[in-house]
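*Asks:* sequence below, structure please.
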Amino acid sequence: MMTQKITPSIWVETTDAKQVADYYLSVFKDGKLIEHHQYTNPPEAGGSTFETAVIEIAGMELSILAAGPFQKFNESVSLVINTKDQAETDYYWDALTKNGGQESACGWCKDKYGLSWQVVPVEYFELINSTDPAVREKAMKNTLKQKKLILSELK
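*Replies:* Reported below is the predicted structural model:
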């Protein structure tokens, strides 16, 4: 079991946590399923079923509650993927936006469950925090024109 002090927990609008876990494990190839459980609410709570799963992706534990359409994601919470280069940026962007995901602006996208992600090459932070004002300005200006971040256009 991981010793991560804080574990993000997401509530998805389905009751199949294993399906959600399998989806994220298909995107993050080095991930693993830690646990999966099925539950039935008592009759006074409606008797419906729900599932939970815990996965490890990119070295981070993520808890999944699949209890139906009672909560919705919004962009006020997102997960950032710090990518090493454009190829890795392209991989995660494509994996998260296909099959029902959505592109947004400035490196943001949503996966097919509606969870917001920021797919950001680490070099991007060097550009927007450069000591050279011209480098910063170009990177910021071009960021606003992009959906997926394209490093060659930000430099």
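
*Asks:* look up how far Lys148 lies from the most centrally placed residue in the chain.
*Replies:* The centroid of the chain falls nearest to Trp117 when counting by CA atoms, centre = their mean (4.1 Å). Using CB to CB, to the nearest Å, we find Trp117 at a distance of 11 Å from Lys148. Every C-beta, even on glycine, is put in place using the N, C-alpha and C of the backbone.

*Asks:* between the two, what contacts are shared?
*Replies:* Cys109 (CB atoms under 8 Å, 6 or more residues apart in numbering).

*Asks:* pretty sure the residue nearest to the centre of the chain is touching Val80, no?
*Replies:* Yes - counting by CB atoms under 8 Å, Trp117 touches Val80, with 7.4 Å between them.

*Asks:* what about the helices in the chain?
*Replies:* 17-27, 86-97, 122-128, 133-143, 151-154 (DSSP state H).

*Asks:* could I get those helices as JSON lines with mean pLDDT?
*Replies:* Below are the helices of the chain laid out as JSON lines (pLDDT from 0 to 100):
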{"stretch": "helix 17-27", "mean pLDDT": "98"}
{"stretch": "helix 86-97", "mean pLDDT": "98"}
{"stretch": "helix 122-128", "mean pLDDT": "97"}
{"stretch": "helix 133-143", "mean pLDDT": "97"}
{"stretch": "helix 151-154", "mean pLDDT": "96"}
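
*Asks:* want to throw the ones you listed into a markdown table with mean neighbour count?
*Replies:* As requested, these are exported to a markdown table (neighbours: other CB atoms under 10 Å):
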| stretch | mean neighbour count |
| --- | --- |
| helix 17-27 | 19 |
| helix 86-97 | 18 |
| helix 122-128 | 15 |
| helix 133-143 | 14 |
| helix 151-154 | 14 |
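
*Asks:* mind putting the ones you listed into a markdown table with distance to Pro8?
*Replies:* What follows is the helices of the chain, written out as a markdown table (distance: least, CB to CB, whole Å):
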| stretch | distance to Pro8 |
| --- | --- |
| helix 17-27 | 12 |
| helix 86-97 | 16 |
| helix 122-128 | 21 |
| helix 133-143 | 25 |
| helix 151-154 | 27 |
